[in-house]
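Peer 1: Sequence and predicted structure are below.
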Amino acid sequence: MTGTLSIVGFGLSTIGPGIATGLIFAAYINGVARQPEARGILQPLAFLGFALAEALALFGLVLAFVL
Amino acid sequence: MLVLSAEEGGFNPPGAKDFQFPPIFGESLYFTKPVFLCIFSVIVISTFFIASSRKAAVVPNRFQFAGEAVYGFVRNSIGKDVIGHDFLKYVPFLFSLFTFILVNNIFGIIPFIQFPTMSRIGFPIAITIFVFVVFHYVGMRHQGVGKYLKEIAFMPDIPKPVYLILTPIEILTYFVTRPLTLSLRLFANMFAGHLLLLVFTIGGEHLLHGDLILKIFSPFSFAFAIGLTFFELGIQCLQAYIFTLLTALYIAGALADGH
């Protein structure tokens, strides 16, 4: 079996953003469940937070290919 | 993209090499598949929106309704909600950004095209340079060059010692992190998505050439590839939305004076 360790490192590095994305959407769902009218305000915020957290995982992916 | 077959038994995993295309005309490296897709997308977008708005009526037909739905989405939920007051000036920019990225992304799952243009890093970088110039220009014109740069470096109403840490972070955020993340996010999402689809289609084909037990599992791989194609559609729309949303947020941040 051959391959590089950087792929394993990438796998490990996705744990953090995975948890972060879960927390962000949990908070978003909570907020909308408590106050459905706030959906319009919360949605861009949730996707923004999701994008920022996910960017870290994607840096890991890019680095796994570069290194 | 099922051109790669397993060579001499060994499984040939997809990688960065699958994103490089031979030149179409002779030796010129400027004319490859992604470049043509990019030009093609512009033709598609302009044809669609010109056709949908030509016979605009008070009671819209289905075609006009589709065009107006996209425009209304960008205008209201990205432009109006994020930029707020005086947002109409930036709607054309946001709208062309959104449709351009959306169509180029969706090329990734359209049969026979099947390559998202944005999975070549050059395209996201070009768009990001454009966005970078626009939001700094908007900020400088709105607040004046000196005041704009000063507010980036020294956020007002903050205790003096904090500047020691905050100033480098803020400068780094505005001039390095923002453009870097904006382009890399789009690129990496499209790259990873296309790679994922390649893994399952090429893997399915490889299994088909194997033993009987492997052959049984091959349809599952193809079924998964089809399922992931729909997942990709969601990601592609989401990335176009996020790119435009972040651009709008940066413009809104540049417009907000005095925090």
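Peer 2: On my side now, so go ahead. Bear in mind the structure is a predicted one, so any value in this text is a computation, not a measurement.
Peer 1: is the helix or strand encompassing B:Ile213 anywhere near chain A?
Peer 2: In the assignment (DSSP states H and E), B:Ile213 maps to helix B:212-255. Yes. Part of helix B:212-255 sits near chain A under the criterion CB under 8 Å from any CB of the partner chain, namely B:Leu238, B:Tyr241, B:Ile242, B:Leu245, B:Leu246, B:Leu249. No exception for glycine: its C-beta is placed from N, CA and C like everyone else's.
Peer 1: quick one: the last one and B:Val82 touch, right?
Peer 2: Translated: B:Leu249. Yes. Using CB atoms under 8 Å, B:Leu249 is in contact with B:Val82, at 5.8 Å.
Peer 1: More neighbours: which of these two?
Peer 2: Comparing B:Leu249 with B:Val82 by other CB atoms under 10 Å in any protein chain shown, the one with more neighbours is B:Val82, at 22 against 17.
Peer 1: show me the contacts for the closest residue to the more buried one other than its chain neighbours.
Peer 2: Once flanking residues are discounted, B:Val82 sits nearest to B:Ala248: 4.2 Å by CB to CB, 6 or more residues apart in numbering or on different chains. Taking CB atoms under 8 Å, 6 or more residues apart in numbering or on different chains, we find B:Ala248 in contact with B:Ile78, B:Gly79, B:Val82, B:Ile83, B:Tyr90, B:Leu94.
Peer 1: Any idea how many residues pack against the closest residue to chain A within the stretch 151-259 of chain B?
Peer 2: In the stretch 151-259 of chain B, the residue that lies nearest chain A is B:Ala188 (3.5 Å; CB to the nearest CB). By the criterion of other CB under 10 Å, B:Ala188 has 25 neighbours.
Peer 1: any idea of the angle the longest helix that chain A contains forms with helix B:212-255?
Peer 2: Longest helix in chain A by number of residues (criterion: DSSP state H): helix A:39-66. On the basis of axes from the mean of the first three to the mean of the last three CA atoms, to 10 degrees, helix A:39-66 is oriented at 120 degrees to helix B:212-255.
Peer 1: May I see the buried residues of helix A:39-66?
Peer 2: A:42, A:44, A:46-55, A:57-62, A:64-65 (16 or more other CB atoms under 10 Å in any protein chain shown).
Peer 1: so which of those residues also contact chain B?
Peer 2: Answer for those near chain B (CB under 8 Å from any CB): A:Pro44, A:Phe47, A:Leu48, A:Ala51, A:Leu52, A:Glu54, A:Ala55, A:Leu58, A:Phe59, A:Leu61, A:Val62, A:Phe65.
Peer 1: re the thing from before, from the contacts of B:Ala248, list the buried ones, please.
Peer 2: For those, a burial check counting by 16+ other CB under 10 Å picks out B:Ile78, B:Gly79, B:Val82, B:Ile83, B:Tyr90, B:Leu94.
Peer 1: Who are the packing partners of the longest helix of chain A?
Peer 2: Counting contacts by 3 or more CB pairs under 8 Å, 6 or more residues apart in numbering or on different chains; DSSP states H and E, helix A:39-66 packs against helix A:5-13, helix A:15-34, helix B:178-208, helix B:212-255.
Peer 1: What's the mean pLDDT across the longest one?
Peer 2: Right, helix B:212-255. Summarised as a single mean, pLDDT over helix B:212-255 is 91.
Peer 1: same check, this time on the first one
Peer 2: Averaging pLDDT along helix A:5-13 gives 86.
Peer 1: Apart from its neighbours in sequence, what residue is nearest B:Ser41?
Peer 2: Nearest one to B:Ser41, counting by CB to CB, 6+ apart, is B:Val103 at 4.4 Å.
Peer 1: quick one: the one you found and B:Val35, what's the gap?
Peer 2: 15 Å (CB to CB, to the nearest Å).
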